[in-house]
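Q: what's the 3D shape of this:
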Amino acid sequence: RSSNSGQATPHARAMRARAAAVRTGCRSITSATTNSVNIYGNSTYGPPGRSSNSGVQATIFGAYGFLGRYVAEELGSRGGTGIFPFRGCEMEVRHLKVQFDLGNCGLIPFSPRDEDSIRQSVANSDVVVNLIGKRYDTKHLVPTRRADGKLSRVNFSLEETHRDIPATIARIAREEGVKRFVHVSAMMASPNSPARAMKAKHESEALVRAAFPDAIIVRPARMFGHQDRFLNWLAGLGAQMPFVPLIDGGSSLVQPVFVQDVANAIHTCMTSPDIVPGGTYVLPGPEEYSWREIAEFIWDVTRLQPRMVDIPKPLALRLAAVSEKVVLQGPVFTPDLVELMTMDEVEPTKAERDGYSLLDFSDLGITPTPMEKQAFNFLHRFRPGGHFAITQGYH
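A: Next up, the predicted model:
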């Protein structure tokens, strides 16, 4: 203001006009969501994005695994609130914090054997997602006494991880009034599977449905992505060893799916009003490959030239059994992996669907991404000499 006349200067009037325009613009942007209500009856506000509020509060078990971090990112980037139960050190889950706006990420210590901690984790959540999984029995260095009084080195077996824990979470979620439950199984889940994990996953589906009848089952195929144990695993073997084993010549088929596509599908199952209650979604990739074709594709991308050695399945099973017993944390080779590598991991036919209808990506409005489109982004780091070693004119 002018100290003499008490009137606003032209500059001050211009500043006020711009501020009023900004306020009007903000109201017009947020008006579509400020008074809206999501499928769970919660109020939402703000334009779409990380700093909005979608009105969805979700508890995600196993969120700090390979698939989990992508599901958490989908939830956080759209203004959701995430509750993440975890075991062990909180440093293992801290990367999830940056995927959410301030205050929208909650980390809760829990134990799968402590029902009160599970109940605390799912209380007040609209949707619960189970992503808990493991490739092997987790073990102690020395035997410990289990609840049944027996001594064992096993901490959590594959059956406990893939069958018992999901059933317990589903039951407690139902008791706590959770509106939607999403259970992630596997495309190869089968009652007759020789792989223990796949058999346990099939059993978990029936137990989850018994505890939560409207539970949504998601069955992804073998997934690839930046942190996978599929393409990166083979490329790592090729970079460190002079040969790479292919069981039974690598003739079995696999139908890999991009992890981001699976995360998008799970988020749709969590938030869409059009999801079929109690539906089962099978999520394969768009193409089928043999393990040998997968390996050759990796060598083309990375310029590695390891020798591919054919190993008979009986020998591979013996080697895997030794590896699983000797290596306590993260054995590279397990009997379950051998069994899966000698099976065709492809979308089940109508005769193999146990008499029920399966939904897929098309029912969710998602087009699966080809492996060739994404794999280079994380495989080129295995190239000898680095990514630019073969680029003409770079140096």
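
Q: contacts and neighbour counts: CA atoms only from here.
A: Fine.

Q: where along the stretch 201-350 of the chain do the strands fall?
A: Applying DSSP state E, counting those that start in this stretch to the stretch 201-350 of the chain gives strands spanning 216-220, 223-224, 243-247, 253-254, 257-258, 280-283, 289-290, 307-311.

Q: any low-confidence regions in this protein?
A: Counting by pLDDT under 70, the chain shows low-confidence ranges at 1-37, 328, 350-357, 387-395.

Q: which residue would you name as the spatial centre of it?
A: For the chain, the residue nearest the mean C-alpha position is residue 67 (1.7 Å; CA atoms, centre = their mean).

Q: quick one: that one and residue 262, what's the gap?
A: Using CA to CA, to the nearest Å, residue 67 is found at 8 Å from residue 262.

Q: which strand is the longest one in the chain?
A: What stands out as the longest strand in the chain, according to DSSP state E, is strand 138-145.

Q: for it, which helices and strands make contact with it?
A: strand 151-156 (3 or more CA pairs under 8 Å, 6 or more residues apart in numbering; DSSP states H and E).

Q: just want the angle from the strand it packs on to strand 138-145.
A: 140 degrees (axes from the mean of the first three to the mean of the last three CA atoms, to 10 degrees).

Q: neighbouring contacts of the helix or strand that strand 151-156 is followed by?
A: Using DSSP states H and E, the helix or strand that follows strand 151-156 in sequence is helix 158-159. Where contact means CA atoms under 8 Å, 6 or more residues apart in numbering, the residues beyond helix 158-159 that reach it are 134-137, 196-197, 200.

Q: mind doing that once more with 6 Å?
A: The list of residues contacting helix 158-159 from outside it, by CA atoms under 6 Å, 6 or more residues apart in numbering, reads 137, 197, 200.

Q: can you tell me the element the closest residue to residue 211 other than its chain neighbours falls in?
A: Among residues not flanking residue 211 along the chain, residue 171 sits closest, at 4.8 Å (CA to CA, 6 or more residues apart in numbering). Assigned by DSSP H and E, residue 171 falls within helix 165-175.

Q: give me the buried stretch members for the helix or strand following that helix, please.
A: Sequence-wise, the next helix or strand downstream of helix 165-175 (DSSP H and E) is strand 180-184. Of all the residues in strand 180-184, those buried under the rule 16 or more other CA atoms under 10 Å are 180-184.

Q: for stretch 192-199, same thing?
A: 193, 195-199.

Q: so what's the residue lying closest to residue 344 once chain neighbours are set aside bridging to?
A: The shortest distance from residue 344 to any non-neighbouring residue, by CA to CA, 6+ apart, is to residue 253 (4.6 Å). Under the criterion DSSP bridges, residue 253 forms beta bridges with residue 290.

Q: how much space between residue 253 and residue 334?
A: 19 Å.

Q: out of these two, which sits in the busier spot?
A: The neighbour comparison of residue 253 against residue 334 (other CA atoms under 10 Å) goes to residue 334, with 22 against 19.

Q: how about the nearest residue to that one, chain neighbours excluded?
A: residue 320 (4.6 Å).

Q: residue 258 too?
A: residue 224 (5.2 Å).
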